[in-house]
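>>> One predicted model, sequence on top.
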Amino acid sequence: MGFATGFMSDNQLDERDIAHRDVDITEAKSEEVYRDTYGREWTPPTFTMKEIYEAIPAHCFERSNLHSFSFVARDFFYIICLGLAASQIYRLESAPLRFLAWTVYTILQGMVGTGIWVLAHECGHQAFSPSKTINDATGWVLHSLLLVPYFSWKFSHGTHHKNTGNLDRDMVFVPKSKSEKIANKGANPAEFAEEHNENGFLHLVEETPLATFCNVVVQQLFGWPMYLFTDVTAGPRYPDVPKHKINHFHPESPLYRPEQFWAIIASDIGVGLTLTALYVAAQTFGWANVALYYGIPYLWVNHWLVMITFLQHTDPSLPHYRGKSWNFARGAAATIDRDFGFIGRHIFHGIIEYHVAHHYISRIPFYHGPEATNAIRKVIGEHYMRDDTNFFLALWRSARMCQWVADKGEIVFFQNANGLGAGGKKAKAQ
């Protein structure tokens, strides 16, 4: 199933009881052969997590405080150097040059800030240090500086890792079902239940390229805060809980267990301290300076975080599961590695290039990601997913091709109303 174009294959499984297929897309030759959104054959693999563990060299599990903190020191060195350089921008006499300089600064600082975010992410997975105390203390500081509620995110992110690709329990970029897509358009799903009204459904949900572009812009600007405040990408869960409680800041949110109450409070305190520091800085140096030095780079961090996560879990090659068709090994494989060159490997610490291995065993430090990836590829073979398409083109392609999944079927692939790929349909003129 591997393709020379850079698109390879997907997923994983331990058990042999996959029963249903997505009748809206797949025309299976047998009950275990499917077609992804590109139209390529896909068969659930049969390797196990035991094989994955045995394939990875033991030293890949070793975590070094010195090695990990060297990356923290390096990234803060970059931050300080960029800040000092930005402090001299006022010397430029030309307003266009100053604008260009600030633009370059905010983009670069946002990239380095994203690297700091990734290091805190390592802490949340206990991959930064052998010490839980060091992991959580470091993660709390680094994430708080970026206005991220560390423990709150850590707990919900752990739920994501335990349920990746599971339409019922995952929490990150869970695809909307056909019925949810209809409801989001303000229509009644029951009106489109019959096959004869399929054309009406396609007219309802089809998007122009301009509409797709606007949706992507909104996602990139507001996706991260919306996730923190409303759990937006997790799908419609907790119907009986007041909406104001379903967020990452409420200590009694249904996202958390009662014993996690005080950890959520600690997360809120960390964010509150950073907001206080920003307020003091604004009173001292002015809001414009705070916006330039911190605010706009912060928006870039949010952009990269959302784009990276979206593309790790949204691709025409990736399946999603319901019911007994899901298990951990399959879910971990329902992710994809991509390539972002020097920025991805050096600034973003390989979170784009070695994400599949990370989902199998998340406590492996990122600096062992390349070796761990090579090891697991020997086990999963053609089911290893990698796509070297330009990162921004991949964002556009996924936004156009990955719009919803079928209401029925235990294994489903993305569909769209833009006529793209095997999962694409196109409305007929009425």
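Right, received. Where do you want to start?
>>> Would you indicate which residues of stretch 340-352 are buried?
340, 344-345, 347-352 (16 or more other C-beta atoms under 10 Å). All C-beta atoms are positioned from the backbone trio N, CA, C, and that covers glycine.
>>> end-to-end on that stretch?
7 Å (C-alpha to C-alpha, to the nearest Å).
>>> Where does the prediction get shaky in the chain?
1-31, 193-196, 235-236, 428-430 (pLDDT under 70).
>>> Quick check, central residue of it?
residue 309 (1.8 Å; C-alpha atoms, centre = their mean).
>>> which residues touch the helix or strand harbouring it?
Using DSSP states H and E, residue 309 falls within helix 296-313. Helix 296-313 has contacts (C-beta atoms under 8 Å, 6 or more residues apart in numbering) with 105-107, 109-111, 113-114, 117, 146-147, 164-165, 172-173, 219-221, 223-225, 334-336, 338, 348, 351-352, 355, 391, 394-395, 398.
>>> Narrow these to just the buried residues.
In the contacts of helix 296-313, the ones that pass as buried (16+ other C-beta under 10 Å) are 105-106, 109-111, 113-114, 117, 146-147, 164-165, 172-173, 219-220, 223-224, 334-336, 338, 348, 351-352, 355, 391, 394-395, 398.
>>> sec struct for the residue of the chain most remote from its centre, please.
Distance from the centre of the chain peaks at residue 93, with 41.7 Å (C-alpha atoms, centre = their mean). When classified by DSSP: H, G, I helix; E, B strand; the rest coil, residue 93 comes out as coil.
>>> which phi and psi does it have?
Backbone torsions of residue 93, given as degrees, to the nearest 10, read phi -80, psi -30.
>>> any idea how far it is from residue 101?
12 Å (C-beta to C-beta, to the nearest Å).
>>> still on that earlier bit, farthest-apart pair in the buried residues of stretch 340-352, please.
340 and 349 (11.3 Å; C-beta to C-beta).
>>> What count of nearby residues applies to residue 327?
17 (other C-beta atoms under 10 Å).
>>> do you know how far it is from residue 319?
For residue 327 relative to residue 319 (C-beta to C-beta), the value is 13 Å.
>>> Residue 124: what's it in contact with?
135, 139, 143, 150, 153-154, 157-158.
>>> now with 10 Å?
135-136, 139-140, 143, 148, 150-151, 153-155, 157-158, 161, 362 (C-beta atoms under 10 Å, 6 or more residues apart in numbering).
>>> What is the nearest of those to residue 275?
Nearest to residue 275 among the contacts of residue 124, with distances taken as C-beta to C-beta, is residue 148, at 12.2 Å.
>>> before we move on, what SS does the closest one have?
coil.
>>> What is the neighbour count of it?
Residue 148 - counted by other C-beta under 10 Å - has 26 other residues nearby.
>>> Repeat that for residue 210.
So residue 210, with other C-beta under 10 Å, has 8 neighbours.
>>> host element of it?
Going by DSSP H and E, residue 210 is in helix 209-230.
>>> tilt between that helix and helix 296-313?
100 degrees (axes from the mean of the first three to the mean of the last three C-alpha atoms, to 10 degrees).
>>> And helix 209-230, what does it pack against?
In terms of contacts (3 or more C-beta pairs under 10 Å, 6 or more residues apart in numbering; DSSP states H and E), helix 209-230 is packed against helix 150-162, helix 296-313, helix 391-401.
>>> the inter-axis angle of it versus helix 391-401?
90 degrees.
>>> Downstream of helix 209-230, the next helix or strand is which one?
helix 261-285.
>>> what comes up buried for that following helix?
263-264, 266-268, 270-271, 274, 278, 282.
>>> Can I get the helix or strand that that helix is followed by in CSV? Just the C-alpha atoms.
Downstream of helix 261-285, the first helix or strand assigned by DSSP H and E is helix 287-290. Taking C-alpha atoms only, helix 287-290 is exported to CSV below (Å, rounded to 0.1, in the frame of the first residue of the first chain):
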residue,chain,number,x,y,z
TRP,A,287,0.2,47.8,25.8
ALA,A,288,1.6,48.2,22.3
ASN,A,289,5.0,46.9,23.4
VAL,A,290,3.4,43.9,25.2
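>>> how far is helix 287-290 from where the chain is centred?
30 Å (C-alpha atoms, centre = their mean, to the nearest Å).
>>> hmm, back to that, can you give me the angle the helix holding residue 210 makes with helix 150-162?
120 degrees.
>>> Helix 209-230 to helix 261-285, inter-axis angle?
Using the same axes, to 10 degrees: helix 209-230 against helix 261-285 is 110 degrees.
>>> picking that back up, ok, so of the buried residues of stretch 340-352, who is nearest residue 35?
For these, the nearest to residue 35 is residue 352 (26.9 Å; C-beta to C-beta).
>>> how about the closest one, what does it touch?
118, 304, 307-308, 311-312, 336-341, 343-345, 391.
>>> Of the residues you listed, which is the nearest to residue 182?
Distances from residue 182 to the contacts of residue 352, taken by C-beta to C-beta, are shortest for residue 311, at 25.9 Å.
>>> so how far is residue 289 from the closest one?
Residue 311 is 33 Å from residue 289, by C-beta to C-beta.
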